[in-house]
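Novice: Kindly return the folded structure for what I paste below:
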Amino acid sequence: MYQQFDSPTGVRFLALIKEGKSFRESVRVTGIGKATGYRWLRDEYLRYRGNGLDHAAAQTELGFISRNAEKWNERFLSRTGRHHFQVDPAVEERFWSSYSTGMSVLAAAASAGVKHTTGYRWIYRRFISLRSRLPLAEVVHALRLSPGTSVRWETQRKKELEAEKARVQKADRDAIRTARIVAERVAAPLSPAQKRRVLRETRYWELVGSGASNAAACRMLGVSRVIGTRLRNQRAKQPRASLKPPSGRYLCLRERLHMADLLRMGCSLRQIGRELGRHASTIKRELDRHRDPRGRYLPHIADHEARSQRRRPRERKLQTNPRLHALVQTKLTSHWSPEQICGWLALEFPAEPGLRLCPETIYQALLFGDHGGLSTDGKPRLRTGRKIRKHRWRTGSGHGSVVQNMTMINERPPGVETKAEAGHWEGDLIVGVGSASAMVTLRERKTHYGIIINLPHGHTAAQTNQAIIAALPAHLKQTLTWDQGVEMARHQELAAATGLRCQRWSKSEPFRGLKSEPL
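Specialist: So this is what the prediction gives:
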């Protein structure tokens, strides 16, 4: 048996059409066929026409303009309201006229020229109609029913009511169960072409993150370098906040779509809250804030309004202070870097806090045009010479942690903390100005014996390992604790050559021991 347009799925489909979704997308989201969708649109149109709306108003209320609407209008104008298998109304009127004079059902049916089963069907239909508003005794008296017939029909009526109630409850449960799936489909409406583009973009950034250049990544994907450049520019222009994953504190678009779908199903606020895992007061506040003047809750518009309200935009410092703007623009024109400009402002105007800036403010004003209004002519004058920002946290091109397979400081043996035995060392690399010079410092925790090693020819991981291997006493080699500097990138080779166990300073624990105890 096919579903009616007033079923939960039909209500969901018609609501999506009214919200502006295309017919194809609404059919895909609700999981129905095109023929079913057109049949529901036709039935809803005929219902609007039956409520007194004209042809144009019915299409506007439906939210769907179709060439088939002319056929639907002709059908509405030509219909009589009766099925073509139904008996002529005059025949049924003759039956009731005869039955009201006291005739039996058989005699009244014979006088009207119909079978007795048709007469009983008419009486039962009237019994159901009267029973919905009158007591059973009055209906039995009005229709002259026998005790056995009245009991049988009343039992059948109760069974039909229970079956209808169970059907409605099952349809509501199914609608609520599938509401989450529908919300996810609407939140990410991807066509096959869109899915291919998303997959291509994901694969592009994976290749760039693995170290491939723009040209190499585009060549491996079989696309033009222009597409790769466009992807880079799009990501460089995105604000930081848009790339952060949702925290779960605020309602997301999927939850708003889920909420709107449950509202259409007639669910209460508490039931919606249970389905979303939110408090009922959260649902009420969301509905109070984002209903339109007609009282409708439109999830996409509500999500856009919530994001705009949460952004809390404020005026930029360079936009509100013309003097500061002029000073920064002048120094940029003179090829000063943002760091130099900020340092000069702090030295030149120590008593004016309003003329202080952070270098990041200048960078954002240059690279993102809406952050300060600085002339874009200053972009090529940046020390990097690039016109767009290259973020390792955005592009994923950073090499990540250089020191692999680290042993954290919380995994050190207990004897290191108690200083009960010698041979446990702590080390660090001290780099001079411009990385032109460097030296290794080693200190033994129990005896406080210190070693300083000069590295005149470089401080790579291999050179640092050679210096430590040559400097450590042969009889005092148990553990070595170091920070996460790149000079320890080959710590496993150092451990294999010396027999040391190497630990790293954990980010969750402060650096202790080396600073608090003098050499």
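Novice: Which positions in the strand or helix carrying residue 24 come out as buried?
Specialist: Assigning secondary structure by DSSP states H and E places residue 24 in helix 23-30. By 16 or more other Cβ atoms under 10 Å, the buried positions in helix 23-30 come out as 23, 25-27, 29-30. No exception for glycine: its C-beta is placed from N, CA and C like everyone else's.
Novice: Between those residues, which sits nearest residue 428?
Specialist: Nearest to residue 428 among the buried residues of helix 23-30: residue 29, at 59.9 Å, using Cβ to Cβ.
Novice: Show the pLDDT at that closest one.
Specialist: On the pLDDT scale, residue 29 is placed at 77.
Novice: coming back round to it: and the helix holding residue 24, what does it pack onto?
Specialist: In terms of contacts (3 or more Cβ pairs under 8 Å, 6 or more residues apart in numbering; DSSP states H and E), helix 23-30 is packed against helix 8-18, helix 34-50, helix 147-187.
Novice: Nearest to residue 297, out of the ones you listed?
Specialist: Closest approach to residue 297 among those is made by helix 8-18 (10.5 Å; Cβ to Cβ).
Novice: Show me the shaky parts of the stretch 351-500 of the chain.
Specialist: Across the stretch 351-500 of the chain, the ranges flagged by pLDDT under 70 are 368-373, 375-402.
Novice: any idea where the helices of it begin and end?
Specialist: 359-367, 392-395, 414-418, 461-471, 491-498 (DSSP state H, counting those that start in this stretch).
Novice: among these, which is the most enclosed?
Specialist: Among the helices of the stretch 351-500 of the chain, helix 359-367 has the highest mean neighbour count (mean count of other Cβ atoms under 10 Å), at a mean of 20.
Novice: re earlier: need the winner for burial among the helices and strands packed on helix 23-30.
Specialist: Of all these, helix 8-18 carries the top mean neighbour count, a mean of 21, counting by mean count of other Cβ under 10 Å.
Novice: Tell me the one among the buried residues of helix 23-30 nearest to residue 319.
Specialist: Using Cβ to Cβ, residue 25 is the member of the buried residues of helix 23-30 that sits closest to residue 319, with 41.1 Å.
Novice: quick one: least confident helix or strand in the protein?
Specialist: Among the helices and strands of the chain, helix 240-243 carries the lowest confidence by mean pLDDT, DSSP states H and E, at a mean of 43.
Novice: what's the next secondary structure element after it?
Specialist: Next along the chain after helix 240-243, taking DSSP H and E as the criterion, comes helix 253-264.
Novice: Can I get that following helix as PDB, trimmed to CA atoms?
Specialist: In PDB, the C-alpha atoms belonging to helix 253-264 read as follows (Å, rounded to 0.1, in the frame of the first residue of the first chain):
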ATOM      1  CA  LEU A 253      23.600  22.600  11.100                       C
ATOM      2  CA  ARG A 254      22.900  18.900  11.300                       C
ATOM      3  CA  GLU A 255      21.300  19.300  14.800                       C
ATOM      4  CA  ARG A 256      19.200  22.200  13.500                       C
ATOM      5  CA  LEU A 257      18.000  20.100  10.500                       C
ATOM      6  CA  HIS A 258      17.200  17.200  12.900                       C
ATOM      7  CA  MET A 259      15.300  19.600  15.200                       C
ATOM      8  CA  ALA A 260      13.200  21.100  12.300                       C
ATOM      9  CA  ASP A 261      12.400  17.600  11.000                       C
ATOM     10  CA  LEU A 262      11.200  16.500  14.500                       C
ATOM     11  CA  LEU A 263       9.100  19.600  14.800                       C
ATOM     12  CA  ARG A 264       7.400  18.800  11.600                       C
END
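Novice: avg pLDDT for that helix?
Specialist: Averaging pLDDT along helix 253-264 yields 84.
Novice: quick one: low-confidence ranges for the stretch 101-250 of the chain?
Specialist: By pLDDT under 70, the weakly predicted segments of the stretch 101-250 of the chain are 185-186, 188-191, 236-247.
Novice: let's see it at 80
Specialist: For the stretch 101-250 of the chain, applying pLDDT under 80 flags the ranges 167-192, 194-195, 209-211, 233-248.
Novice: Please report the distance of the nearest residue to residue 323 once chain neighbours are set aside from residue 78.
Specialist: Nearest non-adjacent residue to residue 323, counting by Cβ to Cβ, 6 or more residues apart in numbering: residue 355, 7.3 Å away. Between residue 355 and residue 78 the computed distance is 81 Å (Cβ to Cβ, to the nearest Å).
Novice: Counting neighbours, go ahead and name the busier of those two.
Specialist: Neighbours per residue (other Cβ atoms under 10 Å) separate residue 355 from residue 78, with residue 355 holding more: 17 against 7.
Novice: Any figure for the gap between residue 65 and residue 27?
Specialist: In this view, residue 65 and residue 27 are 17 Å apart by Cβ to Cβ.
Novice: and the helices of the stretch 351-500 of the chain as JSON lines, adding distance to residue 405?
Specialist: Output for these, formatted as JSON lines (distance: least, Cβ to Cβ, whole Å):
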{"stretch": "helix 359-367", "distance to residue 405": "35"}
{"stretch": "helix 392-395", "distance to residue 405": "22"}
{"stretch": "helix 414-418", "distance to residue 405": "20"}
{"stretch": "helix 461-471", "distance to residue 405": "14"}
{"stretch": "helix 491-498", "distance to residue 405": "6"}
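Novice: For residue 266, which of these is the nearest?
Specialist: helix 392-395 (44.7 Å).
Novice: quick one on the thing from earlier: please name whichever of the helices and strands packed on helix 23-30 is nearest to residue 436.
Specialist: helix 147-187 (55.5 Å).
Novice: which strands and helices sit next to that closest one?
Specialist: Secondary structure elements in contact with helix 147-187, counted by 3+ Cβ pairs under 8 Å, 6+ apart, are helix 8-18, helix 23-30, helix 116-131, helix 136-143, helix 253-264, helix 269-276.
Novice: Out of those, the one nearest residue 321 is which?
Specialist: Taking Cβ to Cβ, helix 253-264 is the member of the helices and strands packed on helix 147-187 nearest to residue 321, at 37.6 Å.
Novice: which strands and helices sit next to the closest one?
Specialist: Using 3+ Cβ pairs under 8 Å, 6+ apart: helix 253-264 touches helix 8-18, helix 147-187, helix 269-276, helix 280-290, helix 299-311.
Novice: In TSV: these, plus distance to residue 213.
Specialist: Output for the helices and strands packed on helix 253-264, formatted as TSV (distance: least, Cβ to Cβ, whole Å):
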stretch	distance to residue 213
helix 8-18	44
helix 147-187	35
helix 269-276	45
helix 280-290	46
helix 299-311	35
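Novice: do you know which of those lies nearest residue 233?
Specialist: Nearest to residue 233, of all those, is helix 299-311, at 22.8 Å by Cβ to Cβ.
Novice: Many thanks, I have nothing further to ask.
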